[in-house]
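# Sequence first, predicted coordinates after that:
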Amino acid sequence: MFAFRRSLSPSRIALRRLFDQFDQVRIINLPERTDRKASALRELASIGMDASGPKVTFFEARRPPVEPAMTGQGGPNGALISHREVIREALGKGVQTLLVLEDDVFFRTPSEEKVMAILKAMAATPWDVIYFGYLEPSEGQLTQGPLADWQGRVIGGHCYGMNRRFMEKMLAFMDGFGTLHPDGEIVNPTHRDGAFNLFIENNPGFSRRLAVPNLAIQRSSRTDLHENQFFDRTPFLRDAIGMMRALRNRLRRR
């Protein structure tokens, strides 16, 4: 499972230990996005890991059906379907704790002490789902750490972990989308973030934590969520934009 490298810094070794806290690690990736898969493999290698063993594996991302399978104002997007099916698969295999990554995950470089404080807090603090990477809220909004108890909305599903209790209830919740609730409304979030936030709002007994500092961001890359802009469809422009994104990613790592 480990790909040891002499150049690993103490903080990168500490990040690798994060993976030891989970029974299984799944990386969501569309098969045709070989560029993103290669990037994810490089990120794993940067913390001394690879995806050649049974614990850390890629999950084939799903695309939404042409006709939404769920009733309501809109059907689920591919991210929601993919994260839902990752959970379903893990439960079917008897997994107790699951770490989910998206293929554009980009690990930051916090100090070894800060990463180890998060790992120690995991052993001492009750949690059901932990976001190790998030786009919102900003770290400035989190007044406690190393695992903040956050009740507001969270944006970002590129690096988070769950226990089995949470996975069971979350899957049942998502499988119920499109059904009438007692208030007569159809609850049907179309995005993964909305689904998870709505679940937490309706189930305050579950503990959602955010790692402080934020350990992972999303690599800037061509999107799969909607039609690409002209510069991502034009060969020479696409290459230039790719170089600019790579530079931006390096500057954002810290």
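Arrived safely. Predicted, not measured: the structure shown is a model, and the values here were computed from it.

# Can you find the helix or strand of the protein with the lowest average pLDDT?
Using mean pLDDT, DSSP states H and E, the weakest-scoring helix or strand in the chain turns out to be helix 230-233, at a mean of 42.

# which ones are touching Phe166?
With contact set as C-beta atoms under 8 Å, 6 or more residues apart in numbering, Phe166 has these partners: Asp128, Val129, Phe206. Backbone N, C-alpha and C define where each C-beta goes, glycine included.

# Got the confidence number for Val56?
Among the per-residue scores, Val56 shows a pLDDT of 96.

# ok, the contacts of Phe166 vs Arg16, which is closest?
Of all these, the one sitting nearest Arg16 is Val129; the distance, using C-beta to C-beta, is 21.4 Å.

# what about the closest one, distance to Thr34?
For Val129, the distance to Thr34 equals 30 Å [C-beta to C-beta, to the nearest Å].

# which one of the two has more residues nearby?
Neighbour count, other C-beta atoms under 10 Å: between Val129 and Thr34, Val129 has more, with 23 against 11.

# Contacts only, for the more buried one.
Contacts of Val129 were listed using C-beta under 8 Å, 6+ apart, and they are Tyr160, Gly161, Met162, Asn163, Phe166, Phe196, Phe206, Ser207, Arg208, Arg209.

# Just the residues you listed: which are in strands?
Tyr160, Gly161, Met162, Asn163, Arg208, Arg209 (DSSP state E).

# can I get these in a markdown table with neighbour count?
Conversion of the ones in strands among the contacts of Val129 to a markdown table gives the following (neighbours: other C-beta atoms under 10 Å):
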| residue | neighbour count |
| --- | --- |
| Tyr160 | 25 |
| Gly161 | 24 |
| Met162 | 26 |
| Asn163 | 20 |
| Arg208 | 25 |
| Arg209 | 24 |
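
# Do a quick rundown of the strands in the stretch 101-250 of the chain.
Along the stretch 101-250 of the chain, the segments classed as strands by DSSP state E, counting those that start in this stretch run 105-107, 129-131, 147-149, 159-163, 208-211, 216-218.

# Can you give the strand pairings for the third one, parallel or anti for each?
This means strand 147-149. As defined by DSSP bridges, the strand partners of strand 147-149 come to strand 208-211 (antiparallel).

# per-residue confidence at Arg63?
Arg63 carries a pLDDT value of 87.

# ok, how many other residues are close to it?
11.

# For the residue nearest to it when sequence neighbours are not counted, give me the backbone phi and psi.
Spatial nearest neighbour of Arg63, chain neighbours left out: Gly78 (4.8 Å); criterion: C-beta to C-beta, 6 or more residues apart in numbering. Main-chain dihedrals, Gly78, degrees, to the nearest 10: phi -60, psi -30.

# burial measure for Gly78, as a count.
Neighbour number of Gly78 under other C-beta under 10 Å is 17.

# I'd guessed it sits against Arg84; true?
No: using C-beta atoms under 8 Å, Gly78 and Arg84 do not qualify as a contacting pair, with a distance of 10.6 Å.

# Next, work out how far apart Asn188 and Gly78 are.
Between Asn188 and Gly78 the computed distance is 16 Å (C-beta to C-beta).

# try Val129
Noted for Val129: a distance of 21 Å to Gly78, by C-beta to C-beta.

# now do Leu210
The span separating Leu210 from Gly78 equals 25 Å under the rule C-beta to C-beta.

# Nearest to Leu171, out of the ones in strands among the contacts of Val129: which one, please.
Distance from Leu171 was checked for each of those by C-beta to C-beta. The minimum falls on Met162, at 10.2 Å.

# if we can go back for a sec, ok, the contacts of Val129 vs Arg219, which is closest?
Distances from the contacts of Val129 to Arg219 were compared by C-beta to C-beta; the smallest belongs to Tyr160, at 16.3 Å.

# residue contacts, the closest one?
When contacts are counted by C-beta under 8 Å, 6+ apart, Tyr160 touches Leu99, Val100, Val129, Ile130, Tyr131, Phe132, Gly133.
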